[in-house]
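> how does the following fold in three dimensions:
(one chain, ligands or ions: 2)
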Amino acid sequence: MSTKLPVAASNQPVSNKSAPAAQSKVLVAVGVIENSRGEIFICRRGASQHQANKWEFPGGKVEAGENVAQALARELAEEAGIVVQACQPLMQIEHDYGDKHVTLAIRKVTAFSGEPRGLEGQPSRWVPISELSQYDFPAANSPIVDMLQTEAGN
Ligand SMILES: Nc1nc2c([nH]c(=O)n2[C@H]2C[C@H](O)[C@@H](COP(=O)(O)OP(=O)(O)OP(=O)(O)O)O2)c(=O)[nH]1
Ligand SMILES: [Mg+2]
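Numbers count the residues shown, from 1 in each chain. Ligands and ions are numbered 1, 2, ... in the order given. Sure, this is the predicted structure:
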């Protein structure tokens, strides 16, 4: 006796009708800037931005034709008014916010010129590493704060 197995309809066209709208996926260059007092520079996101009003490490989306280091240099010039002279990879985080999937490529800015400030009018401040966990960061940022605090022995 033979049992009939269902035939896979692999050669059938796939209907997209009931598929959910494609989720937006972005690669973001993120800069951890530390000063000689061991403080980290953070900014507050705007009320109309994704992850509104959360504190963040400055940075932004990598644009077509850019690598992460180039995007970071451009974003930190635009948002914080500094010139990045050197940076090194710290970690990479994938996070799904539901409405948006982000890949955060986090770089430690190891050399820069200028004094960071909120060049686009956003609130900004230098925060001791031990106090970073008191700030409301986007959910994706928890591993960054944990790592900085572990490194600093907090
Ligand atoms: N810059 C930055 N973005 C973060 C952090 N954590 C986090 O989840 N994100 C998310 C929020 C946003 O969905 C995305 C960054 O996008 P963005 O809006 O800042 O990008 P952008 O600077 O190019 O801004 P825009 O001109 O397109 O508005 O990454 C962080 O620490 N820094
Ligand atoms: Mg930004």
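> am I right that Val32 is in a strand?
Yes. Remark: Val32 belongs to a strand, assigned using DSSP: H, G, I helix; E, B strand; the rest coil.
> can you tell me how far it sits from Ala69?
The gap separating Val32 from Ala69 is 14 Å, by CB to CB, to the nearest Å. Every C-beta, even on glycine, is put in place using the N, C-alpha and C of the backbone.
> find residues that contact each of those two.
Arg107 (CB atoms under 8 Å, 6 or more residues apart in numbering).
> those two: which has the busier surroundings?
Higher neighbour count among Val32 and Ala69: Val32, with 21 against 17, using other CB atoms under 10 Å.
> can you give me the helices for the protein?
68-80, 142-151 (DSSP state H).
> need the winner for burial among those.
Highest mean neighbour count of the helices of the chain: helix 68-80, a mean of 20 (counted as mean count of other CB atoms under 10 Å).
> packing partners for it?
Packing partners of helix 68-80 (3 or more CB pairs under 8 Å, 6 or more residues apart in numbering; DSSP states H and E): strand 24-33, strand 39-44, strand 59-61, strand 83-96, strand 100-113.
> who wins for proximity to Pro123 among those?
Of all the helices and strands packed on helix 68-80, it is strand 39-44 that lies closest to Pro123, at 4.2 Å by CB to CB.
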